[in-house]
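Asker: sequence plus predicted model, see below.
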Amino acid sequence: MQFVSKQMKHFLAGSSMIRKMFEAGIELKKQYGDDNVYDFSLGNPDLPPPPAVRPALEKLVADSGKPFVLGYMPNAGYPELREKLALHIAKEQNCTVPAANVIMTCGAAGGINVFFRATLEPGDEVICPAPYFVEYGSYAGNFGGKLVPVMSKDFTFELDLDALEAAFTPRTRAVILNSPNNPTGRIYTRAELSGLAAIIQAAEKKFGRAIYVVSDEPYRFLNFENAELPPTFELFPHSVVIGSYSKNLSLAGERLGYIAVSPNFEGAGELSSALILCNRILGFVNAPAVAQRILLDCMDAQVDLEIYRARRDAMARVLTDAGIEFNMPRGAFYFFPKSPVPDDKRFVQALLEERVLVVPGSGFGGPGYFRAAFCVDTGVIERSAEGFRRAMKKF
């Protein structure tokens with residue numbers, strides 16, 4: 001008897017290594033205690049929300065006796081929040097963004113699924129630089145699409161423009177970019193993105209269809225070197241920016257994100273309307289009311305970047321001391337170092353034996369590497385040093 005779809009059986013067989021390692025960590029902590037397990041598997045921000053969140057919650061409690069304070073709303077979110085967020089996004093994108101082009105979503109993941117539902121036909125392809133966030137393939141596959149990973153340049157993870165150009169076909173519908181990148185921490189430069197823009201423009205002309213750029217930006221604020229984040233709308237006319245407040249407000253469980261549609265193309269209004277409809281018919285209905293009301297009062301707040309910077313530096317010291325090669329991440333809160341052996345799963349297992357939990361790079365389309373999330377207390381990072389050293393000695 002078959003109880004689930006064939007596609008879901010396939011997804012289950014390759015289910016996220018991130019979650020598998022996270023769950024392994026739970027069992028190890030039961031056995032050895034929390035202080036003796038060094039869990040870098042999951043990008044789950046541990047910092048408390050910034051101080052501005054508390055008065056926003058207190059205000060919501062004070063208003064809780066009013067009718068409809070947490071009731072249904074327009075599917076795109078509270079109009080006053082969309083107006084405010086549109087102004088915020090306009091500063092980042094260096095152009096006027098109408099509030100009608102901003103849709104509140106259930107996190108960035110919800111936003112990506114809404115976008116793919118609105119734009120993909122069965123068999124359409126979504127190009128993605130690799131390494132990449134592991135669930136992009138599932139998000140495209142949910143709606144008949146196919147993810148086409150294109151490996152970036154080894155070790156530096158600079159976009160390989162020649163390889164990307166070769167990946168475009170008549171079925172290409174979108175390119176998804178994630179900068180600062182999970183898992184590598186790379187921030188793509190203007191030169192890289194301008195080169196990609198020229199490739200997309202030529203492909204659109206050749207194949208006679210719009211090719212969207214989806215800029216997935218939940219780590220935008222985690223920019224440790226104040227690197228330029230070139231405006232997506234300026235470089236790519238057919239584009240959307242998808243963001244989240246999981247990381248900068250440490251509200252991952254509140255599931256608040258957004259889609260902003262570039263105003264620079266003729267079909268922007270039709271696309272925005274389709275996205276709003278998909279928000280409803282996919283069952284999200286609207287983004288969480290509590291999170292939206294918090295954001296109204298906290299849009300300019302964020303957790304302390306310097307805490308993450310100190311953790312990045314601590315992890316760099318630990319990896320260097322162990323003799324592990326890596327590129328210093330410029331953004332996000334992940335390292336993506338080289339495994340000392342080609343079989344990254346073998347090295348990850350050696351670390352697991354030392355109660356150090358990381359994720360194989362092959363799970364992100366980057367075999368031969370591993371990912372370590374440094375959104376944990378600095379003490380955990382420092383205490384893991386001996387485990388990293390012992391694991392390296394085995395090779």
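Answerer: Received it, and whenever you're ready, just let me know what you need. Since we're looking at a predicted model, the values are computed, not measured.
Asker: I'd like the average pLDDT over the helix or strand containing residue 103.
Answerer: Per DSSP states H and E: residue 103 is located in strand 102-105. Mean per-residue pLDDT for strand 102-105: 98.
Asker: list the buried residues of stretch 186-206.
Answerer: Within stretch 186-206, the residues scored as buried using 16 or more other C-beta atoms under 10 Å are 186-188, 192-193, 195-197, 199-200, 203-204. The way it works is simple: take the backbone N, C-alpha and C, and place the C-beta from them, glycine included.
Asker: now do the strands in the stretch 251-395 of the chain.
Answerer: Using DSSP state E, counting those that start in this stretch, the strands of the stretch 251-395 of the chain run over 257-261, 334-335, 356-357, 359-360, 370-373.
Asker: partner strands of the second one, parallel or antiparallel?
Answerer: Strand 334-335 has its sheet partners listed here by DSSP bridges as strand 370-373 (antiparallel).
Asker: please apply the same query to the third one.
Answerer: Based on DSSP bridges, the strands next to strand 356-357 in the sheet, each with its direction, are strand 38-39 (parallel).
Asker: outside of the strand it pairs with, which residues touch it?
Answerer: 22, 25, 29, 355-357, 376, 380-381, 383-384, 387 (C-beta atoms under 8 Å, 6 or more residues apart in numbering).
Asker: and if we set it to 6 Å?
Answerer: If you take C-beta atoms under 6 Å, 6 or more residues apart in numbering as the criterion, strand 38-39 is touched by 25, 356-357, 380, 384.
Asker: okay, now residue 124: neighbour count?
Answerer: Residues contacting residue 124 under the criterion other C-beta atoms under 10 Å number 18.
Asker: gap between the nearest residue to it once chain neighbours are set aside and residue 235?
Answerer: Nearest residue to residue 124 in three dimensions, chain neighbours excluded: residue 173, at 4.0 Å (C-beta to C-beta, 6 or more residues apart in numbering). Applying C-beta to C-beta, to the nearest Å, the value for residue 173 to residue 235 is 18 Å.
Asker: who has more neighbours out of the two?
Answerer: residue 173 (20 against 17).
Asker: wait, a helix at the more buried one?
Answerer: No. Under DSSP: H, G, I helix; E, B strand; the rest coil, residue 173 falls outside any helix and is assigned strand.
Asker: dump the contacts of strand 38-39 to CSV, plus distance to residue 344, pLDDT and neighbour count.
Answerer: Shown next, in CSV, are these (distance: C-beta to C-beta, whole Å; pLDDT from 0 to 100; neighbours: other C-beta atoms under 10 Å):
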residue, distance to residue 344, pLDDT, neighbour count
25, 18, 78, 21
356, 14, 96, 26
357, 14, 95, 25
380, 22, 96, 18
384, 18, 97, 27
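Asker: low-confidence regions, the protein specifically.
Answerer: 13-17 (pLDDT under 70).
Asker: how about the spatially most central residue of it: what's its closest non-neighbour residue?
Answerer: For the chain, the residue nearest the mean C-alpha position is residue 218 (5.3 Å; C-alpha atoms, centre = their mean). In space, and not counting its chain neighbours, residue 218 is closest to residue 244: 3.9 Å by C-beta to C-beta, 6+ apart.
Asker: before we move on, what about residue 176?
Answerer: residue 214 (4.4 Å).
Asker: one more: residue 113?
Answerer: Nearest one to residue 113, counting by C-beta to C-beta, 6+ apart, is residue 139 at 5.4 Å.
Asker: tell me the contacts of that neighbour?
Answerer: 112-113, 116.
Asker: packing partners of the helix or strand where residue 243 lies?
Answerer: Element membership for residue 243 (DSSP H and E) is strand 239-244. Packing partners of strand 239-244 (3 or more C-beta pairs under 6 Å, 6 or more residues apart in numbering; DSSP states H and E): helix 107-119, strand 212-216, helix 232-235, strand 257-261.
Asker: would you turn the ones you listed into JSON lines with distance to residue 267?
Answerer: Below are the helices and strands packed on strand 239-244 laid out as JSON lines (distance: least, C-beta to C-beta, whole Å):
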{"stretch": "helix 107-119", "distance to residue 267": "10"}
{"stretch": "strand 212-216", "distance to residue 267": "10"}
{"stretch": "helix 232-235", "distance to residue 267": "14"}
{"stretch": "strand 257-261", "distance to residue 267": "9"}
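Asker: most tightly packed of the ones you listed?
Answerer: A comparison of those by mean neighbour count, using mean count of other C-beta atoms under 10 Å, puts strand 257-261 on top with a mean of 28.
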